[in-house]
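1. Provide a 3D model corresponding to the input given below.
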Amino acid sequence: MRVLFACFGGPGYLFPLVGLALELRRRGHDVTFATDVSASPTLDDAGIERIPRAASEGRSFRVGTWSHPVRTAIDVKHVEHGVDRVAPDVLVTHDLCQASLIVRERRHIPTAVMSFFSYLWPVEPAASVGPFAALEAGRHWRLRDSTRVLNEARAAFRLPPIDATGADAPQLGDVYMLRTEP
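-> Numbers count the residues shown, from 1 in each chain. The predicted structure is shown next:
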C-alpha cells in the first residue's frame, strides 16, 4: 500500500505521523510526506521521502496560517502534487489540515485523520445543563468554527459549502485515530 502523509511541519503534528509512518514502513508499506520544508531534517533522519511543494519550493503546511483560505489552497496544491507523484492508496493527516479534506473530496482518496489525545468533536446534541454542558458546547463551537474555515477554503475550489453536525463531519475522515489508542 502507498500512503501519503500530509501535515504541518511543526513537531506536534509531524512527530506522531512520522511514528505511524515508520510502523507502516516496517510492515512493508510505502510512505511519503507532503509537508513544509522545515520538516526535511526530521524526515531525512527517518529515511522518509518528502515531496516538495512544486517545481519551485516554498513554505506550506504552517500551523499559524491553518485558517487562511489562500494558504490552505497552497497546501491543497502541495498535497495534489504529492498525489500525482505517488498515487497513494490512502492519505493520512491530522485534525487541522483542511487541505487534506479538500483533496479527499477532489481526488476521491480514503483519508485517515490522526487526532490529538482526546476527541475534539461533538458526540451528542449540545446540552444546556449538566456536568458536561460546557465541554459539549465547546465541541460544538469547535466543529462550527472548523467547518466555517473549511468552507472558506472549499470556496476557492468552487466546492459547495458543507454543514457538518457531528458524526457526518468531514473532519473525521474515513478513519479517525486518537493518539492514545494503540
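2. pull out the buried positions in the helix or strand bottoming out on mean pLDDT in the chain.
-> In the chain, the helix or strand scored least confidently by mean pLDDT, DSSP states H and E is helix 133-156, which has a mean of 90. Across helix 133-156, burial judged by 16 or more other Cβ atoms under 10 Å covers 136, 139, 140, 143, 146, 147, 149, 150, 151, 152, 153, 154. Placement of C-beta: from N, CA and C, glycine included.
3. now do stretch 173-182
-> 173, 176.
4. repeat that for stretch 42-60.
-> 42, 43, 48, 50, 51, 52, 53, 60.
5. related to what we said a few turns ago, helix or strand right after the least confident helix or strand of the chain?
-> From helix 133-156 onward toward the C-terminus, using DSSP states H and E, the following helix or strand is strand 175-177.
6. low pLDDT regions in the chain?
-> Applying pLDDT under 70 to the chain flags residues 124-129, 181-182.
7. and residue 59, what does it touch?
-> Residue 59 makes contact with 36, 37, 38, 53, according to Cβ atoms under 8 Å, 6 or more residues apart in numbering.
8. most neighbours, which of the residues you listed?
-> Greatest neighbour count in the contacts of residue 59, by other Cβ atoms under 10 Å, goes to residue 36: 23 neighbours.
9. how about it, nearest residue that isn't a chain neighbour?
-> The shortest distance from residue 36 to any residue other than its chain neighbours is 3.1 Å, reached at residue 9 (Cβ to Cβ, 6 or more residues apart in numbering).
10. is the one you found in a helix, a strand, or coil?
-> Following DSSP: H, G, I helix; E, B strand; the rest coil, we place residue 9 in the coil state.
11. separation between it and residue 35?
-> In this view, residue 9 and residue 35 are 5 Å apart by Cβ to Cβ, to the nearest Å.
12. the two: which is more packed in?
-> The neighbour count for residue 9 versus residue 35, taken as other Cβ under 10 Å, is higher for residue 35 (30 against 21).
13. quick check: beta-bridge partners of the more buried one?
-> Assessed by DSSP bridges, residue 35 has beta-bridge partners residue 7.
14. end to end, how far does stretch 85-103 reach?
-> End-to-end distance of stretch 85-103 (Cα to Cα, to the nearest Å): 14 Å.
15. between the buried residues of stretch 42-60, which sits nearest residue 164?
-> residue 60 (24.7 Å; Cβ to Cβ).
16. great, nothing more from me.
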